[in-house]
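K.L.:
only geometry, no sequence info:
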């Protein structure tokens, strides 16, 4: 799983690279247009375009019939029933290709979350680092009253506080201050075990990993290698804030902007690309 996640991460890093230093909406607009074009190509290949066109023609005919025979209740009810039936047929014909495309869309959204979903960390900013332990490791830490836990940071990051251990949550935390731009690795020590966690200090749009997780959680947090099998830690978190996209004067979550732009491009490109939707 990690090799696939790493390959996807490289691809999306390259995709976003030309837009670093620009407003996030610029890159997101271009990516939305590319995704829309790809979706239309996929929709055309896996859908029955002739059947969709025929169903749309029958729906239009039914609507026209309702307007034409507006004084004939029996004809109106019959036409309304026909329109409802054809609308269901249209929905069924459209849903099959949409379900086929759902997998790639989910992968794209997950990868873009780590490019656009989190605000950049800036020099002078303080953030929290938290580690959640397994039950067995937490018992050992309890026995040592937290002495088995420590955090090392490289030059460019300063550890501001001693460890704060919360036995009930099996969590430990530190506050760190970022001193210089760059890409860093923190080292969490749990007894004799040492585990790294990446931190990026940059204001531009690029890959950020708030959580280094283990096991199946890699599906949700694919931006960083999973924790080693049998690790004392279940999860290591750096508190990146959620980002907002300035969508032409309207600040919103990037996912909302992405879906709006994708739908706009899809409808705008459908006719030029010869796709019936």
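P.N.:
Structure received. Since the structure is predicted, the reported quantities are computational estimates derived from the model, not experimental observations.

K.L.:
quick one: the helices in the stretch 51-200 of the chain?
P.N.:
73-116, 135-143 (DSSP state H, counting those that start in this stretch).

K.L.:
could you export the ones you listed as TSV, including mean neighbour count?
P.N.:
C-beta here means a position set from N, CA and C on the backbone, and glycine is covered the same way. Converted to TSV, these look like this (neighbours: other C-beta atoms under 10 Å):
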stretch	mean neighbour count
helix 73-116	15
helix 135-143	14
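
K.L.:
next, format these as a markdown table and append mean pLDDT and distance to residue 173.
P.N.:
What follows is those, written out as a markdown table (pLDDT from 0 to 100; distance: least, C-beta to C-beta, whole Å):
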| stretch | mean pLDDT | distance to residue 173 |
| --- | --- | --- |
| helix 73-116 | 87 | 22 |
| helix 135-143 | 89 | 13 |
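
K.L.:
how about TSV for these, with distance to residue 200 added?
P.N.:
Putting the helices of the stretch 51-200 of the chain into TSV (distance: least, C-beta to C-beta, whole Å) gives the following:
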stretch	distance to residue 200
helix 73-116	11
helix 135-143	27
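
K.L.:
and of the ones you listed, who's closest to residue 183?
P.N.:
Minimum separation from residue 183 across those (C-beta to C-beta) falls at helix 73-116, 14.1 Å.

K.L.:
quick check: pLDDT value at the closest residue to residue 234 other than its chain neighbours.
P.N.:
Nearest residue to residue 234 in three dimensions, chain neighbours excluded: residue 132, at 4.8 Å (C-beta to C-beta, 6 or more residues apart in numbering). Among the per-residue scores, residue 132 holds a pLDDT of 95.

K.L.:
roughly how far apart are residue 132 and residue 231?
P.N.:
According to C-beta to C-beta, to the nearest Å, residue 132 and residue 231 sit 11 Å apart.

K.L.:
pull up the overlap in contacts between these two.
P.N.:
Counting by C-beta atoms under 8 Å, 6 or more residues apart in numbering, residue 132 and residue 231 have no common neighbour.

K.L.:
show me where pLDDT drops low in the chain?
P.N.:
For the chain, the stretches with pLDDT under 70 are 1-2.

K.L.:
kindly state the beta-bridge partners for the residue lying closest to residue 196 once chain neighbours are set aside.
P.N.:
Using C-beta to C-beta, 6+ apart and skipping residues adjacent in sequence, the residue nearest residue 196 is residue 185, 4.6 Å away. With DSSP bridges as the criterion, residue 185 is bridged to residue 198.

K.L.:
is it true that residue 185 touches residue 194?
P.N.:
No: counting by C-beta atoms under 8 Å, residue 185 does not reach residue 194; the two are 10.7 Å apart.

K.L.:
helix, strand or coil: sort out residue 228 for me.
P.N.:
At residue 228, secondary structure determined by DSSP: H, G, I helix; E, B strand; the rest coil is coil.

K.L.:
just to check, residue 158 is in contact with residue 175?
P.N.:
No: contact between residue 158 and residue 175 fails when scored by C-beta under 8 Å: they sit 9.6 Å apart.

K.L.:
quick one: which of these two has more around it?
P.N.:
residue 175 (15 against 12; other C-beta atoms under 10 Å).

K.L.:
and the closest residue to residue 181 other than its chain neighbours, what does it touch?
P.N.:
Residue nearest to residue 181 in three dimensions, not counting chain neighbours: residue 201, with 5.0 Å by C-beta to C-beta, 6+ apart. Residues in contact with residue 201, defined by C-beta under 8 Å, 6+ apart, are 120, 121, 122, 123, 156, 157, 178, 180, 181, 182, 183, 184.

K.L.:
give me the phi and psi for residue 201.
P.N.:
Reported as degrees, to the nearest 10, the phi and psi values for residue 201 are phi -110, psi 100.

K.L.:
any figure for the gap between it and residue 119?
P.N.:
Taking C-beta to C-beta as the measure, residue 201 falls 12 Å from residue 119.

K.L.:
cool, residue 148 as well?
P.N.:
Distance, residue 148 to residue 119, by C-beta to C-beta: 33 Å.

K.L.:
what is the neighbour count of residue 204?
P.N.:
Neighbours of residue 204 under the rule other C-beta under 10 Å: 14.

K.L.:
just to be sure, it is in a helix?
P.N.:
No: counting by three-state DSSP, residue 204 is not found in a helix; it is coil.
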